[in-house]
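>>> Provided below for reference: sequence and predicted model.
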Amino acid sequence: MMRDSANIVIILGMMQVAKKVPFEDPNVLNGVRVVYVLSNVIILSLYMYVSGQINKKNDNTTMKYLEPAPPLSGDQPKLVTTTIAAYDRDQLKAAFKSVLMGVGMMGVMHLYMKYTNPLLIQSIIPLKTAFESKLVQIHVLGKPAIGDLKRPWKAGGLMQGMQGGDVVSDKKSIDEAERSGRGGAKEE
């Protein structure tokens, strides 16, 4: 929740700053474009480093959790058995997709629709998000995977509502799912 408030404050602040930036000047516009590209290069480099750390550690500890069923499907949660390394790779893949989607949307907004103000905001928010990500906290900052960093991670904010709830990893729920035969295919 605190992270969301900080993002809103940053967005509102950057919107005020963007009003004062003379985007009509080609030098200023190109400078902002360079900052945006540099921001994304830093993010992608950070994620490449995380990928190397995941592969270097190659933690094959098995973990089980219940993945929530899609909303309104009526399905039961699916039991997933995987390794910590595979789980981290999947989370990293999702993070890469998120960055590429953001770049794609920004490309359409800036190049096709000619919006310039979002370049400033999108130079900061994704960078902040990348450094706050659980993968970076564990694999770059060296924090232990306990508390909020304990896998499997809960989806935050809007994603949680769209996915139909949180992942469940308590022993009782997993044992019940194994007995009922829901899923359980090992992902590697």
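Cool, got the structure. Numbering: from 1, shown residues only.
>>> which helices and strands does the helix or strand harbouring Ala94 pack with?
In the assignment (DSSP states H and E), Ala94 maps to helix 84-107. Using 3 or more CB pairs under 8 Å, 6 or more residues apart in numbering; DSSP states H and E as the contact criterion, the secondary-structure elements in contact with helix 84-107 are helix 26-57, helix 117-132, helix 134-139. Every C-beta, even on glycine, is put in place using the N, C-alpha and C of the backbone.
>>> quick check: buried residues in that helix?
Along helix 84-107, the positions that meet the burial threshold by neighbour count (16 or more other CB atoms under 10 Å) are 84-89, 91-92, 95, 99, 102-103, 106.
>>> just how off-centre is that helix within its chain?
6 Å (CA atoms, centre = their mean, to the nearest Å).
>>> repeat that for stretch 21-39.
26 Å.
>>> again with stretch 65-72
Its chain's C-alpha centre lies 19 Å from the corresponding centre of stretch 65-72 when counted by CA atoms, centre = their mean.
>>> can you redo the helices and strands packed on helix 84-107 as CSV with distance to Lys19?
Formatted as CSV, the helices and strands packed on helix 84-107 follow (distance: least, CB to CB, whole Å):
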stretch, distance to Lys19
helix 26-57, 13
helix 117-132, 8
helix 134-139, 32
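>>> out of those helices, deepest packed?
With neighbours defined as mean count of other CB atoms under 10 Å, the helices and strands packed on helix 84-107 peak in mean count at helix 134-139, which reaches a mean of 20.
>>> what residues does it touch?
Contact with helix 134-139 is made by 46-47, 49-50, 53-54, 57, 88, 91-92, 95, 130, 143-145, 148-149, 153, as judged by CB atoms under 8 Å, 6 or more residues apart in numbering.
>>> the residue nearest to Lys154 when sequence neighbours are not counted: neighbour count?
Distances taken as CB to CB, 6 or more residues apart in numbering put Asp166 closest to Lys154, at 4.7 Å, once the chain neighbours are dropped. The local packing count at Asp166 equals 16, with neighbours defined by other CB atoms under 10 Å.
>>> test my guess that Asp166 contacts Leu66.
No: here Asp166 lies out of contact with Leu66, judged by CB atoms under 8 Å, at a distance of 9.4 Å.
>>> just to revisit the earlier point, for the buried residues of helix 84-107, work out which two are farthest apart.
Ile84 and Met106 (32.8 Å; CB to CB).
>>> rewinding a little: dump the helices and strands packed on helix 84-107 into a markdown table; add mean pLDDT and distance to Leu72 as well.
What follows is the helices and strands packed on helix 84-107, written out as a markdown table (pLDDT from 0 to 100; distance: least, CB to CB, whole Å):
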| stretch | mean pLDDT | distance to Leu72 |
| --- | --- | --- |
| helix 26-57 | 96 | 33 |
| helix 117-132 | 90 | 29 |
| helix 134-139 | 96 | 28 |
